[in-house]
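Chemist: how would this look folded up:
(one chain, ligands or ions: 1)
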Amino acid sequence: MLNVQNISFSYTKNKTVINNFNFTLNEGEHLCVMGESGCGKSTLLKVIYGLLDLKKGTIFWKKNQVLGPKEHLVPGMEFFKYVAQDFDLMPYTSVSENIKKHLSRFYPTESEKRTQELLEVIEMTAFEKTKVKNLSGGQKQRVAIARALAKEPELLLLDEPFGQIDNFKKNTLRRHLFAYLKEKNIACIVATHDKNDALSFADKLLIIRNNKIIVNDAPKEIYNNPKEKYVAALFDDVNEITIDGKTHLLYPHQIKVVKNSDKKAIVLNSYFKGSYWLIEAAFQNTTIYFNSDNPLNDKKEIALSF
Ligand SMILES: Nc1ncnc2c1ncn2[C@@H]1O[C@H](COP(=O)(O)OP(=O)(O)OP(=O)(O)O)[C@@H](O)[C@H]1O
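Modeler: Okay, the predicted model is just below:
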């Protein structure tokens, strides 16, 4: 189990980036870390991997304490792997050599089998002989993930793992990768801006705001009962609507157009979203967003139900 206890970290004296974080993660569990840009997601991964020295607190993986560069000559924990945003690969060697570099040369058959297995997970079998320098950003990102998995770490730390990968590939890669991690009982922590990483695949979701953890729970709980607008806005457009003196946070799919109601709005815009339209409308001195099967005419008055 990963046990993060009362940790704090700052790069400079007067600005704390991680302020008293506490959480645990079991073996094989999958945690997503979300929050606005600059809130400290990447820093948290680096601290857990042992690349930075903590100001306060402790991190343990089972009985082993994670130590920073001050106390650990070669930074980075042996049973962890960390894939940074700038995946540092060997550009002049092939995709399969990059993966194999981390496998034992004494067992060539095993090593080849494992490389093939990982090439399949990242859907790069066709590129096994291609030099890394000739790959696209997204392809390099996939090779970096396979390389990190080569030695089967106990904990995998991924920083925006699908940031450079197109939607089509991203969806299959996510499914393959997270199923593979579960099958091998590899725990993982993913720093992401993408709600799909969290909602469909994470066991737990941790949300950071102003350098503090504000929520740590199952993604479904957080999505269904967002504690504040900041949290709901990580998943979708969110409407803050006051009804009878009480403020409600509503996602666009929770507002419907009806024939009659006392809640009237004026349509401002309709945005095509593929399988539905997102309607922008003026309601009680504020702008709201909701979904509709069809576009609505600008300036039209409509009745809504929440
Ligand atoms: N090496 C550094 N030296 C000083 N400050 C840094 C350093 N790296 C990051 N920071 C600052 O620490 C804060 C947290 O940065 P971090 O990269 O962890 O955020 P993040 O949540 O991962 O952001 P993003 O989502 O944009 O990747 C930011 O204010 C950033 O400017």
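Chemist: what does the stretch 1-150 of the chain have sitting close to the ligand?
Modeler: 11, 17, 35, 37, 38, 39, 40, 41, 42, 43 (C-beta under 6 Å from any ligand atom). Yep, even glycine has a C-beta here, placed from its N, CA and C like the rest.
Chemist: quickly check the residues you listed for the two that are furthest apart.
Modeler: By the measure C-beta to C-beta, 11 and 35 form the most distant pair in those, at 17.1 Å.
Chemist: neighbour count: the two, which is higher?
Modeler: residue 35 (25 against 9; other C-beta atoms under 10 Å).
Chemist: for residue 209, see how far away the more buried one is.
Modeler: 6 Å (C-beta to C-beta, to the nearest Å).
Chemist: ok, residue 217 - contacts?
Modeler: Counting by C-beta atoms under 8 Å, 6 or more residues apart in numbering, residue 217 touches 204, 205.
Chemist: try 10 Å this time
Modeler: Shown in contact with residue 217 (C-beta atoms under 10 Å, 6 or more residues apart in numbering): 204, 205, 206, 207, 223, 225, 227.
Chemist: before we move on, what about residue 194?
Modeler: For residue 194, the contacting residues are 32, 34, 160, 161, 162, 163, 170, 174, 234, by C-beta under 10 Å, 6+ apart.
Chemist: would you show me how to pick out the buried ones of these in PyMOL?
Modeler: The PyMOL command for the buried members of these (criterion: 16 or more other C-beta atoms under 10 Å) is given here:
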select buried, resi 32+34+160+161+162+170+174+234
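Chemist: point out where the stretch 51-200 of the chain drops to low pLDDT.
Modeler: Applying pLDDT under 70 to the stretch 51-200 of the chain flags no residue at all.
Chemist: which residues of it fall in strands?
Modeler: Along the stretch 51-200 of the chain, counting by DSSP state E, counting those that start in this stretch, strands occupy 56-61, 64-65, 80-83, 155-159, 187-191.
Chemist: quick one: strands adjacent to the third one?
Modeler: Right, the one you point to is strand 80-83. Strand 80-83 pairs in its sheet with strand 155-159 (parallel), by DSSP bridges.
Chemist: quick one: the partner strand near the ligand?
Modeler: No: shown here: strand 155-159 not in contact with the ligand (C-beta under 6 Å from any ligand atom), separated by at least 7.2 Å.
Chemist: distance from that strand to the middle of the chain?
Modeler: Strand 155-159 sits 10 Å away from the centroid of its parent chain (C-alpha atoms, centre = their mean, to the nearest Å).
Chemist: return the alpha-carbon coordinates of that strand using CSV.
Modeler: Taking C-alpha atoms only, strand 155-159 is exported to CSV below (Å, rounded to 0.1, in the frame of the first residue of the first chain):
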residue,chain,number,x,y,z
LEU,A,155,3.3,1.4,-9.0
LEU,A,156,3.1,3.3,-12.3
LEU,A,157,3.0,7.1,-12.3
LEU,A,158,1.7,8.7,-15.5
ASP,A,159,1.7,12.4,-16.2
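Chemist: rewinding a little: just the contacts of residue 194 now: which is nearest the ligand?
Modeler: residue 160 (6.7 Å; C-beta to the nearest ligand atom).
Chemist: is it true that the closest one touches residue 190?
Modeler: Yes: contact criterion C-beta atoms under 10 Å: residue 160 and residue 190 qualify, at 8.4 Å.
Chemist: who touches both of these two?
Modeler: The contact lists of residue 160 and residue 190 share 41, 83, 197, where a contact means C-beta under 10 Å, 6+ apart.
Chemist: measure the last one to residue 33 for me?
Modeler: Using C-beta to C-beta, one gets 10 Å for the distance from residue 197 to residue 33.
Chemist: which of those two has more neighbours?
Modeler: In this view residue 197 and residue 33 are compared by other C-beta under 10 Å, and residue 33 has more residues nearby, 28 against 25.
Chemist: next, count neighbours for residue 214.
Modeler: Look at residue 214: counted by other C-beta under 10 Å, it has 15 neighbours.
Chemist: with adjacent residues omitted, what lies nearest to it?
Modeler: The spatially closest residue to residue 214, leaving aside those adjacent along the chain, is residue 207, at 5.4 Å (C-beta to C-beta, 6 or more residues apart in numbering).
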